[in-house]
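Novice: Could you look at this predicted model? Sequence included:
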Amino acid sequence: MPPATAPGGLPLLGHLPAMIARPLAFLDTLPGHGDPVRVRIGPRELYMVSAPELVRRVLTDRADFDRTGPLYAKIRTFLGNGLATCPHADHQRLRRIVQPAFQRALLPGYAEAMTAEAAALTARWRPGQTVDVTREAFTLTTAVAVRTLFSAGLGAEVAERLRRTLDVLLRGLYLRVVLPAADLLPTPARREYRRALRGWHAQVAAIIADYRANGVDHGDVLSLLLAARDERGRPLSERELADQVATLVLAGAETTSSALAWSLRLVAEHPSVERKLHAEVDAGPAGAPARFDDLGQLPYAARVVNEALRLYPPAWAISRTTTRPLELGGARLPAGAQVVCCLYLLQRRPDLFPDPTRFDPDRALPHDAYLPFGLGATRCPGDRFGTVEATLALATVAGRWRLRPAVAGAVRPVPRLVLSPGPQPMRLAERVSGRAG
């Protein structure tokens with residue numbers, strides 16, 4: 001039988017206004033109408049799934065569900081044919097080349113850069129100062145991404161230019177995914193998006209060119225990518241190299257900064273969580289920047305990050321395209337159907353996560369329903385990199401600072417390619433670690 005259609009669609013527009021104006025509130029209404037449930041975006045149809053068994057099938061059945069179709073075509077204008085966006089036919093070769101850069105043996109070295117950049121960032125803070133935590137988190141993770149991937153620091157001007165470019169692209173790309181006609185309208189927003197896209201490609205090219213000009217093996221990710229060969233002995237082409245760099249910068253900067261920014265906000269809003277976190281860091285790093293060797297003493301900090309990732313998964317919706325007519329959850333779907341696995345809904349299901357909107361770092365996270373980094377062969381290879389970075393940064397901040405919202409009211413999530421908080425002005429109050437004092 002055909003899947004049920006979500007109510008509230010308008011003639012011609014379908015559910016497009018809701019997906020642009022209040023996408024998360026709209027998504028929250030879908031579970032009661034079927035799984036999958038059909039959503040109309042103008043003339044296009046999407047099929048949303050959030051049941052764990054359906055999400056698992058869509059993300060692991062590579063024969064029936066591929067990363068093709070108009071949604072991925074839009075994303076590739078930004079990220080190219082990178083590991084996060086390529087069709088399954090290209091994925092195995094690219095993953096074999098990229099995966100060695102994220103082996104666990106390299107993490108302690110990467111963590112040194114994470115610790116150094118977190119210490120440098122927080123050293124610039126002053127008591128009573130108000131900072132935009134979302135921006136600060138992005139500044140930190142961008143610096144870590146560039147330093148670990150390409151063995152180079154990132155100047156403040158370059159980092160800010162990169163942040164602005166990514167912000168425009170991520171907002172503009174979400175709009176183009178739900179409203180393809182946005183690229184046809186001669187508006188200032190389209191011109192800004194196209195300028196940002198050109199700037200992004202130029203910045204990626206500059207990173208690679210500067211690196212090649214140095215001409216030495218630094219033992220970092222780009223060195224590994226340049227030296228890597230596939231099963232036929234072929235290196236990455238120049239275009240493939242640029243695509244992987246673009247993907248790694250985005251994954252290393254935007255997704256981890258989202259996890260860190262949400263973690264800092266949620267801790268500030270939950271005093272009992274803050275007290276437990278402070279007690280843990282006081283017994284461990286005790287006001288010093290957290291290091292890789294401290295991770296064994298920071299299980300609660302890690303759980304805070306994991307719970308933030310449950311509530312606000314950066315990859316909040318993952319799309320696949322059916323390769324043939326098939327049945328999914330009792331519903332018949334045609335070939336070429338766009339199926340969207342909504343991890344935001346999956347990780348808030350009350351049958352799997354009791355009191356699902358409550359922030360509780362001590363809750364159990366079922367392995368078949370907690371999927372912030374995806375699942376199967378296309379699961380993010382940098383998942384451990386990201387969680388280690390967010391945990392070390394959270395512990396470093398908590399060791400010296402209390403953060404309090406400078407503006408009353410809840411933070412509104414900003415759905416774009418990554419589910420990120422908007423601007424978060426927070427006031428800094430210095431604290432002395434319990435062990436030190």
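Specialist: Happy to help now that I have it.

Novice: the helices in the stretch 201-350 of the chain, which residues?
Specialist: 221-227, 238-250, 256-269, 271-283, 299-311, 343-346 (DSSP state H, counting those that start in this stretch).

Novice: pLDDT (mean, whole number) over the third one?
Specialist: When the per-residue pLDDT values of helix 256-269 are averaged, the result is 95.

Novice: excluding its backbone neighbours, what's nearest Thr321?
Specialist: Excluding its sequence neighbours, the residue lying closest to Thr321 (Cβ to Cβ, 6 or more residues apart in numbering) is Gly69, at 3.8 Å. In this view, the C-beta of every residue, glycine as well, is placed from N, C-alpha and C.

Novice: quick one: which of the helices of the stretch 201-350 of the chain is nearest Arg161?
Specialist: helix 238-250 (12.9 Å; Cβ to Cβ).

Novice: Next, the buried residues of stretch 74-94.
Specialist: Going by neighbour count (16 or more other Cβ atoms under 10 Å), the buried part of stretch 74-94 is 74-76, 78-86, 88, 91, 93-94.

Novice: Same question for stretch 236-248.
Specialist: 236, 240-248.

Novice: cool, stretch 319-332 as well?
Specialist: 319-323, 326, 328-329, 331.

Novice: of all the helices of the stretch 201-350 of the chain, which lies closest to Ala113?
Specialist: helix 221-227 (11.2 Å).

Novice: Distance to Thr142 for the helices of the stretch 201-350 of the chain - can I get that in JSON lines?
Specialist: Converted to JSON lines, the helices of the stretch 201-350 of the chain look like this (distance: least, Cβ to Cβ, whole Å):
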{"stretch": "helix 221-227", "distance to Thr142": "15"}
{"stretch": "helix 238-250", "distance to Thr142": "8"}
{"stretch": "helix 256-269", "distance to Thr142": "8"}
{"stretch": "helix 271-283", "distance to Thr142": "24"}
{"stretch": "helix 299-311", "distance to Thr142": "18"}
{"stretch": "helix 343-346", "distance to Thr142": "24"}
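
Novice: Please identify which of those is closest to Val144.
Specialist: helix 256-269 (7.8 Å).

Novice: Please name every helix or strand in contact with that closest one.
Specialist: Counting contacts by 3 or more Cβ pairs under 8 Å, 6 or more residues apart in numbering; DSSP states H and E, helix 256-269 is packed against helix 133-150, helix 271-283, helix 299-311, helix 383-400, strand 401-405, strand 419-421, strand 425-430.

Novice: would TSV of these with mean neighbour count be doable?
Specialist: Formatted as TSV, those follow (neighbours: other Cβ atoms under 10 Å):
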stretch	mean neighbour count
helix 133-150	25
helix 271-283	17
helix 299-311	23
helix 383-400	25
strand 401-405	17
strand 419-421	22
strand 425-430	16
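
Novice: related to what we said a few turns ago, okay, the buried residues of stretch 236-248 in TSV with distance to Ala111 and pLDDT next?
Specialist: What follows is those, written out as TSV (distance: Cβ to Cβ, whole Å; pLDDT from 0 to 100):
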residue	distance to Ala111	pLDDT
Leu236	26	78
Glu240	28	82
Leu241	25	82
Ala242	27	81
Asp243	27	85
Gln244	22	83
Val245	21	80
Ala246	24	79
Thr247	22	81
Leu248	17	81
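
Novice: Closest to Thr256 out of these?
Specialist: Leu248 (11.5 Å).

Novice: Contacts only, for the closest one.
Specialist: By Cβ atoms under 8 Å, 6 or more residues apart in numbering, Leu248 lies in contact with 82, 98, 145, 149, 221, 382.

Novice: rerun at 10 Å
Specialist: By Cβ atoms under 10 Å, 6 or more residues apart in numbering, the residues touching Leu248 are 82-84, 98, 101-102, 145-146, 148-150, 221-222, 225, 381-382, 385.

Novice: So Glu136 sits against Ala261, correct?
Specialist: Yes. Between Glu136 and Ala261 there is a contact at 8.1 Å, judged by Cβ atoms under 10 Å.

Novice: overlap in contacts of these two?
Specialist: Contact with both Glu136 and Ala261 is made by residues 424, 426, according to Cβ under 10 Å, 6+ apart.

Novice: Spatially nearest residue to the residue nearest in space to the middle of the chain (excluding sequence neighbours)?
Specialist: Nearest residue to the geometric centre of the chain (Cα atoms, centre = their mean): Thr255, 2.6 Å. Distance criterion Cβ to Cβ, 6+ apart; nearest residue to Thr255, sequence neighbours excluded, is Pro314 at 4.0 Å.

Novice: ok, how many other residues are close to that neighbour?
Specialist: Residues lying near Pro314 (other Cβ atoms under 10 Å) number 22.
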